[in-house]
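> Pasting a predicted model and its sequence here:
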Amino acid sequence: MKPTAPLPLKDGVAPSYLWLQEAADLWSNMLDFLTARFPGVTEEAWRQRMARGEVVNQDGVALTPASPYRRGDCIFYYRDLEGSETPIPFTEQILHQDEHLLVVDKPHFVPVIPTGRFLHESLLVRLKKKTGLADLTPIHRLDRETAGVLIFSHNPASRGAYQAMFQQRTMDKTYEALAGMLEGRSFPFVHRSRMVDADKFFLMREEEGEPNSETHIDLIERRGALGLYRLNPVTGRKHQLRVHMAALGIPIVNDNFYPHVVPAGTADNYDAPLKLLARSIAFTDPLSGDVRYFESLRTL
């Protein structure tokens with residue numbers, strides 16, 4: 001269970017937390033533990049955070065470099081990035097807000113939650129700054145490379161009902177993708193396969209066996225050598241649409257993972273976004289019983 005944070009939002013960033021589970025006699029004090037646990041953060045940076053009162057225990061008591069390591073405690077701190085974070089020059093659009101949900105049109109390249117080199121440029125932190133909604137949480141996911149409709153909950157009391165809807169896949173999600181033309185195939189059709197983790201931890205692959213993934217595929221229009229496709233995933237495997245299209249021999253335009261990983265450069269190529277868009281989401285609201293429909297304003 002997630003503990004209650006004794007620190008407030010800081011510039012849109014919620015505090016991170018860590019349960020202390022190692023033996024107490026391994027560490028003489030909290031500074032020694034933190035510098036060993038987070039080798040990417042300098043000792044001086046931890047001293048400065050502690051001096052500002054930004055490292056506390058579950059009771060809100062500020063920790064100092066000399067504070068003892070206590071097994072079973074929970075510490076709270078703000079994640080920070082050493083050096084400046086490169087701005088992502090694309091802006092999200094809020095499509096809808098009510099007392100339970102915030103629906104957003106996510107741009108390409110923006111990660112949904114803080115990860116790796118992204119913190120303030122993550123969609124979650126951007127939206128917390130923009131709306132002031134401290135309890136904002138995404139209730140489904142989109143890859144950083146994918147644009148389109150994303151739904152957040154900002155009411156903890158009703159969050160479970162909406163999360164269950166996505167877990168049980170009782171909603172209709174429609175994507176659009178730009179890829180090569182699949183000749184000699186009648187549309188629409190269904191692609192099913194067994195997807196498993198690939199050798200690289202961030203990839204998936206297909207293998208022989210009982211299918212565990214399913215996508216309905218239709219052709220919207222032909223654009224020269226390319227086709228604009230409508231994709232309706234029945235299951236929600238990681239990278240499912242990208243894997244399925246690559247397996248059919250028509251990888252999505254500008255896909256740097258499938259069918260082959262393109263070595264990453266030092267910066268994103270903003271002129272070549274992945275041509276995959278979460279076009280719309282439709283569902284019956286679990287609280288009101290109303291039919292809800294949200295559609296992206298973006299185009300491929």
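Everything's here; your move. Numbers count the residues shown, from 1 in each chain.
> can you give me the strands for the protein?
Using DSSP state E, the strands found in the chain span residues 16-19, 55-57, 74-77, 93-97, 101-106, 137-138, 147-153, 172-180, 189-197, 204-207, 213-223, 226-233, 276-284, 291-295.
> just these: most buried one?
strand 147-153 (a mean of 25; mean count of other CB atoms under 10 Å). The C-beta positions use only the backbone N, C-alpha and C, and glycine is treated the same way.
> what residue is smack in the middle of this structure?
Per CA atoms, centre = their mean, the C-alpha nearest to the average position across the chain is that of V112, at 3.8 Å.
> that older thread, out of the strands of the chain, nearest to L63?
Among the strands of the chain, strand 55-57 comes nearest to L63, with 4.8 Å by CB to CB.
> give me the number of residues near V125?
Summarising burial for V125: neighbours were counted as other CB atoms under 10 Å, giving 21.
> what residues are up against the residue lying closest to it once chain neighbours are set aside?
With CB to CB, 6 or more residues apart in numbering as the measure, G12 is the residue that lies nearest to V125, at 4.4 Å, once sequence neighbours are left out. Counting by CB atoms under 8 Å, 6 or more residues apart in numbering, G12 touches H120, V125, R126, K128, K129.
> so who does the fourth one touch?
It refers to K128. Residues counted as contacts of K128 (CB under 8 Å, 6+ apart) are L9, G12, V13, A14, A134, L136.
> Can you add mean pLDDT and distance to H260 and give the strands of the chain back as JSON lines?
JSON lines is the format used below for those (pLDDT from 0 to 100; distance: least, CB to CB, whole Å):
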{"stretch": "strand 16-19", "mean pLDDT": "91", "distance to H260": "35"}
{"stretch": "strand 55-57", "mean pLDDT": "93", "distance to H260": "44"}
{"stretch": "strand 74-77", "mean pLDDT": "93", "distance to H260": "39"}
{"stretch": "strand 93-97", "mean pLDDT": "98", "distance to H260": "33"}
{"stretch": "strand 101-106", "mean pLDDT": "98", "distance to H260": "26"}
{"stretch": "strand 137-138", "mean pLDDT": "95", "distance to H260": "30"}
{"stretch": "strand 147-153", "mean pLDDT": "98", "distance to H260": "23"}
{"stretch": "strand 172-180", "mean pLDDT": "97", "distance to H260": "15"}
{"stretch": "strand 189-197", "mean pLDDT": "97", "distance to H260": "17"}
{"stretch": "strand 204-207", "mean pLDDT": "95", "distance to H260": "12"}
{"stretch": "strand 213-223", "mean pLDDT": "97", "distance to H260": "20"}
{"stretch": "strand 226-233", "mean pLDDT": "98", "distance to H260": "19"}
{"stretch": "strand 276-284", "mean pLDDT": "97", "distance to H260": "17"}
{"stretch": "strand 291-295", "mean pLDDT": "97", "distance to H260": "33"}
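> which stretch among those strands comes nearest A36?
Across the strands of the chain, A36 has its closest neighbour in strand 16-19 (12.6 Å, CB to CB).
> tell me what the closest one is packed against?
Judged by 3 or more CB pairs under 8 Å, 6 or more residues apart in numbering; DSSP states H and E, strand 16-19 is in contact with strand 74-77.
> and the strand it packs on, how far out from the chain's middle?
Relative to the mean C-alpha coordinate of its chain, strand 74-77 is positioned 23 Å out (CA atoms, centre = their mean, to the nearest Å).
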